[in-house]
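S.K.: Just need the structure, nothing else, for what follows:
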Amino acid sequence: MKKCLALILASTVLFTACGQNDEKASLEKDIDKLEKQNKDLEKQKKDLEKEKDKLQDKSKNLEKDISAET
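M.R.: Numbering: from 1, shown residues only. Here you go, the predicted model:
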């Protein structure tokens, strides 16, 4: 009886540990994926800020041209 109980306890601990390793690997994979998405979004943000600055410069130039014509 004691051997059976010890075997059940040992197998429970073993299966719990295996499940945690799988969960840890899954979480690490998710973290890597989210970090990659974050980098991509930061790059997009920088690109959009550059485009915004260009459009603002273009707008200022057009306003100057309109003011000069009148």
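S.K.: Please, which helix or strand holds the residue nearest to the spatial centre of the chain?
M.R.: What sits nearest the mean C-alpha location of the chain, by Cα atoms, centre = their mean, is Leu34, with 2.3 Å. Element membership for Leu34 (DSSP states H and E) is helix 2-69.
S.K.: State the mean pLDDT of that helix.
M.R.: The predicted model gives helix 2-69 an average pLDDT of 86.
S.K.: contacting residues for Gln11?
M.R.: Quick fix: residue 11 is Ser, not Gln. With contact set as Cβ atoms under 8 Å, 6 or more residues apart in numbering, Ser11 has no partners. C-beta here means a position set from N, CA and C on the backbone, and glycine is covered the same way.
S.K.: how near is it to Ser59?
M.R.: Remark: distance between Ser11 and Ser59 (Cβ to Cβ, to the nearest Å) = 71 Å.
S.K.: again, but for Lys50
M.R.: Distance from Lys50 to Ser59, counting by Cβ to Cβ: 15 Å.
S.K.: now swap in Lys33 and tell me
M.R.: Lys33 is 38 Å from Ser59, where distance means Cβ to Cβ.
S.K.: what's the neighbour count on Glu63?
M.R.: Neighbours of Glu63 under the rule other Cβ atoms under 10 Å: 10.
S.K.: How much space separates it from Asp53?
M.R.: According to Cβ to Cβ, Glu63 and Asp53 sit 16 Å apart.
S.K.: Same question for Ala25.
M.R.: Distance of Ala25 to Asp53, computed by Cβ to Cβ: 43 Å.
S.K.: try Lys43
M.R.: Using Cβ to Cβ, we find Lys43 at a distance of 16 Å from Asp53.
S.K.: Same question for Lys60.
M.R.: Taken as Cβ to Cβ, the span from Lys60 to Asp53 is 11 Å.
S.K.: go on, Lys33?
M.R.: Applying Cβ to Cβ to Lys33 and Asp53 gives a distance of 31 Å.
S.K.: Then Leu41?
M.R.: As judged by Cβ to Cβ, Leu41 and Asp53 stand 19 Å apart.
S.K.: Leu9: neighbouring residues, count only.
M.R.: Per other Cβ under 10 Å, the neighbour tally for Leu9 reads 10.
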